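Asks: Pasting the sequence and the predicted coordinates here, then a few questions.
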Amino acid sequence: MELLTKSRPLFITFEGGEGVGKSTQIRVFREFLEKSGLQVVMTREPGGCDNALALRKMLVEGDADRWDGLSETLLYSAARNEHLREVIRPELKNGRWIICDRFADSTHVYQGEGRGMPYDVLEYVSNIVVKDTWPDLTFVLDMPTEDGLYRARGRQENMFENRFETIEDSFHERVRQGFLKIAKKNPQRCRVIDANGTIEEVHERVKNALFQYLQEKAA
Ligand code: TMP
């Protein structure tokens, strides 16, 4: 526990396909950090501040082919730029831990693997937006695509925010493989978490991965 309370505030992101249980895991992870005495800001993309939320509405509602890959990339990146400016950088400076539901890896995966945007364009755009504020740690929640989609399509919480969930299954398989590829390429930052199991079981895996990361950093 001392490893946690002595650590500098970390910027932690959760990534993964539809229905892998990100929101639930983020909620219990936040509770765990707060119970440990840390000051935590929980946020999500696209969103986190007014300008980014306005962009979110345009991005997650409407027809699946409403935007082409380039427009989507630029809009998500604009939302991220606002989020970094308004929330992430100032809060990190204030000593708060940041837990963010999706970040730049989602653009690489959804607009790259999913929409076919070239890697060098995505790399260029994400570098000018993110600059030196890459997450310290990224949890990639992973489960078979069909299980995640089954869960995502079964929930009714916001019937308008389903633009991506209605796209065909092969898109979502590419998304899953895309996240696994990023995790393999960035082993220092990314930890793949098996998202099958109970909330407590998955939370335990997330916590173990965090402590392993802190131990590696302290060594
Ligand atoms: P959510 O369902 O996790 O709230 O995310 C909203 C949708 O936006 C989700 O289907 C993934 C998609 N998305 C992208 O396509 N690119 C991005 O950069 C981000 C952050 C999300």
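Replies: Thanks, I have the structure now. Numbers count the residues shown, from 1 in each chain.
Asks: quick one, strands of the protein?
Replies: 11-15, 40-44, 97-101, 137-142, 190-194 (DSSP state E).
Asks: okay, those strands, which one's buried deepest?
Replies: strand 11-15 (a mean of 25; mean count of other Cβ atoms under 10 Å). Every residue, glycine included, has its C-beta placed from N, CA and C.
Asks: now L10, nearest residue through space, not along the chain?
Replies: D136 (4.4 Å; Cβ to Cβ, 6 or more residues apart in numbering).
Asks: can you tell me how far the residue sitting nearest the centre point of the chain sits from S23?
Replies: By Cα atoms, centre = their mean, the chain has its centre lying nearest to R102, at 1.9 Å. R102 sits 11 Å away from S23 when distances are taken as Cβ to Cβ, to the nearest Å.
Asks: Check A218 too.
Replies: For A218, the distance to S23 - Cβ to Cβ - is 30 Å.
Asks: can you list the weak-confidence ranges in this structure?
Replies: 156-167 (pLDDT under 70).
Asks: try 80
Replies: Where the chain drops to pLDDT under 80, the residues are 1, 155-169.
Asks: can you list the residues of it near the ligand?
Replies: Within the chain, the positions lying close to the ligand (Cβ under 6 Å from any ligand atom) are 45-46, 60, 76, 101-102, 106-107, 110-111, 164.
Asks: Apply 8 Å and report the result again.
Replies: 18, 22-23, 44-47, 56, 59-60, 72-73, 76-77, 79-80, 101-104, 106-107, 109-111, 114, 161, 163-165 (Cβ under 8 Å from any ligand atom).
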